[in-house]
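Colleague: I need the structure of the sequence given here:
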Amino acid sequence: MKKYSSLVVIMALLIIIISVFSGFADPSVSGDSNVEQLLQQRTSILQKAFYNQISKEKAEEALEKIETYPLITKDIEELRDWDNTEIDVVNSMKFLDIKQEKNLLEYSTYKVKILWEMSGLDKDYTMEGNYNIVLKKSDGLYKISCLNAI
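Modeller: Okay, the predicted model is just below:
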């Protein structure tokens, strides 16, 4: 009888532990495709705003749907301070590597390598960049919270 009671206690403890810690990893994060989609949307919104294809107000509204603090604050400040000088156009973004580093509570952290295909005033070119990206769950959706070049 003691064998069965200790087995029941162990099973109960496992169920409690699994129940408590299952909230730390949120399966609603779709990983690589979510990061890719959010970064492409952000790039498109900013590029359209910088080339006056959409108003700064519309760009701010669109960014609020995919970004959260502190990145949203930085991007809105850049939009408002923009002096209409020429910037290079992003023709495409190729995601060479997306690696999830951490997933804890409402945060997911990624290391991303992107190959940018750009058009400048003089010529077309490519450049590669590595980034740390943090997604934060906000209003039931994951949004970009931090984006830092490494």
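Colleague: Please count neighbours and contacts with C-alpha atoms only from this point.
Modeller: OK.
Colleague: so where is this protein shaky, pLDDT-wise?
Modeller: Applying pLDDT under 70 to the chain flags residues 1-31.
Colleague: Let's see that with 50 instead.
Modeller: The model of the chain has pLDDT under 50 over residues 19-29.
Colleague: Just the helices from it, written as ranges.
Modeller: Assigned by DSSP state H, the helices in the chain fall at 2-21, 32-50, 56-66, 71-81.
Colleague: Next, the buried residues of the third one.
Modeller: Pointing back at helix 56-66 there. Neighbour-count burial for helix 56-66 flags Lys56, Ala59, Glu60, Leu63, Glu64, Lys65, Ile66 (criterion: 16 or more other C-alpha atoms under 10 Å).
Colleague: Now render those residues as CSV, adding distance to Trp116.
Modeller: Output for the buried residues of helix 56-66, formatted as CSV (distance: C-alpha to C-alpha, whole Å):
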residue, distance to Trp116
Lys56, 24
Ala59, 22
Glu60, 24
Leu63, 21
Glu64, 24
Lys65, 24
Ile66, 21
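Colleague: can you tell me which of those residues lies nearest to Asp124?
Modeller: Ala59 (26.0 Å; C-alpha to C-alpha).
Colleague: what about Gln37, neighbour count?
Modeller: Residues lying near Gln37 (other C-alpha atoms under 10 Å) number 12.
Colleague: Test my guess that Ser138 contacts Thr68.
Modeller: Yes: counting by C-alpha atoms under 8 Å, Ser138 touches Thr68, with 7.4 Å between them.
Colleague: Any chance you could list what contacts stretch 110-118?
Modeller: Contact partners of stretch 110-118, identified using C-alpha atoms under 8 Å, 6 or more residues apart in numbering, comprise 88-102, 124-134.
Colleague: Which ones among the residues you listed map onto strands?
Modeller: The strands, defined by DSSP state E, take in 89-102, 124-134 from the contacts of stretch 110-118.
Colleague: Right, I'll call it a day here.
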